[in-house]
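Colleague: this one's structure only:
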């Protein structure tokens, strides 16, 4: 697992913390030049400093991906800086809660903007670059196991992420002859900074919520960002072969299994 992304230019949207940051670290470890996007410069700059100190090449692009034009501009800025985009990861996500009965149009639109519209237009820009150069490329969309149905309090999130799963397959089919491989990862409950904030703000969780959650899970732990990152790097790399249009369930709960 070394050198899987040698000389590749990788753009990680939503890459300044959580799963995105773990993917950025793994990509640099595997030889890639990495650009990460985020709204806040502090975590983005800190991550770039960390990656640079480790001997990698990384840049931070500040952007609010809720704005589709900024999602496209991120790609343009990476192409301007490095000449191309070989790999795109859409890992930005909004998980604020809402049910079918209490979700407002404003909350619904926020979920669509971050969880569906931003990946759509980032892919549009990145695949345009790949096709224009006549070069192969790869895209990985971070989706969610909740896209299969999810909890009642995730209604707008599920709606947007289920759309992203369908988009992943559609785009993969459309660009298979361009040798652009597009896959998705349905990740389960994961230990990230964002999840910690969500558990505390929406569910009143205390400092021991991770331990309590782990005790209820088959593997005795939540999903780990670095483990997800290794899987994403494999999908981005040539070692995943011809695989495209796959939306892979990366979780410890088995869909369809009943006790």
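Modeller: Perfect, I can see it now. Computed from a predicted model, the values in this text were never measured in an experiment.

Colleague: what are the ranges of the strands in the chain?
Modeller: Listed in chain order, the strands of the chain (DSSP state E) span residues 9-13, 33-38, 57-62, 87-90, 137-142, 180-187, 247-250.

Colleague: In TSV: the ones you listed, plus mean pLDDT, distance to residue 160 and mean neighbour count.
Modeller: Using the backbone N, CA and C atoms, a C-beta is placed for each residue, glycine as well. TSV is the format used below for the strands of the chain (pLDDT from 0 to 100; distance: least, Cβ to Cβ, whole Å; neighbours: other Cβ atoms under 10 Å):
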stretch	mean pLDDT	distance to residue 160	mean neighbour count
strand 9-13	98	15	30
strand 33-38	97	18	27
strand 57-62	97	23	20
strand 87-90	98	12	29
strand 137-142	98	12	27
strand 180-187	97	13	24
strand 247-250	95	15	18
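
Colleague: Not counting residues beside it along the chain, what's closest to the residue positioned nearest the centre of the chain?
Modeller: Centroid-nearest residue in the chain, with Cα atoms, centre = their mean: residue 91, separated by 1.8 Å. Counting by Cβ to Cβ, 6 or more residues apart in numbering, residue 20 is the residue found nearest to residue 91 once chain neighbours are left out, at 3.8 Å.

Colleague: before we move on, the earlier item: do I have it right that the residue nearest to the centre of the chain meets residue 12?
Modeller: Yes. Judged on Cβ atoms under 8 Å, residue 91 makes contact with residue 12 at a distance of 6.1 Å.

Colleague: what do the two both touch?
Modeller: 20, 23 (Cβ atoms under 8 Å, 6 or more residues apart in numbering).

Colleague: any chance of the strands of the chain in a markdown table, plus distance to residue 81?
Modeller: Shown next, in a markdown table, are those (distance: least, Cβ to Cβ, whole Å):
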| stretch | distance to residue 81 |
| --- | --- |
| strand 9-13 | 9 |
| strand 33-38 | 7 |
| strand 57-62 | 6 |
| strand 87-90 | 15 |
| strand 137-142 | 17 |
| strand 180-187 | 21 |
| strand 247-250 | 31 |
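
Colleague: and of those, who's closest to residue 154?
Modeller: strand 180-187 (13.5 Å; Cβ to Cβ).

Colleague: show me the contacts for the residue nearest to the centre of the chain.
Modeller: 12, 13, 14, 15, 18, 19, 20, 23, 142.

Colleague: got CSV for those residues, with distance to residue 244 too?
Modeller: What follows is the contacts of residue 91, written out as CSV (distance: Cβ to Cβ, whole Å):
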residue, distance to residue 244
12, 20
13, 20
14, 22
15, 23
18, 26
19, 21
20, 22
23, 19
142, 17
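
Colleague: and which of those residues is nearest residue 46?
Modeller: residue 15 (12.2 Å).

Colleague: rewinding a little: hmm, residue 89 and the residue nearest to residue 91 touching each other?
Modeller: Yes. Contact criterion Cβ under 8 Å: residue 20 and residue 89 qualify, at 7.2 Å.

Colleague: Common neighbours of these two, please.
Modeller: Shared contacts of residue 20 and residue 89 (Cβ under 8 Å, 6+ apart): 12, 13, 142.

Colleague: wait, which of these is closest to residue 122?
Modeller: residue 13 (5.6 Å).

Colleague: separation between that closest one and residue 125?
Modeller: Note on residue 13: its distance to residue 125, by Cβ to Cβ, to the nearest Å, is 11 Å.

Colleague: what touches both of the two?
Modeller: 71, 74.

Colleague: quick one: least confident helix or strand in this protein?
Modeller: helix 193-203 (a mean of 72; mean pLDDT, DSSP states H and E).

Colleague: Which strands and helices lie in contact with that one?
Modeller: Applying 3 or more Cβ pairs under 8 Å, 6 or more residues apart in numbering; DSSP states H and E, we find helix 193-203 packed against helix 18-29, helix 209-215.
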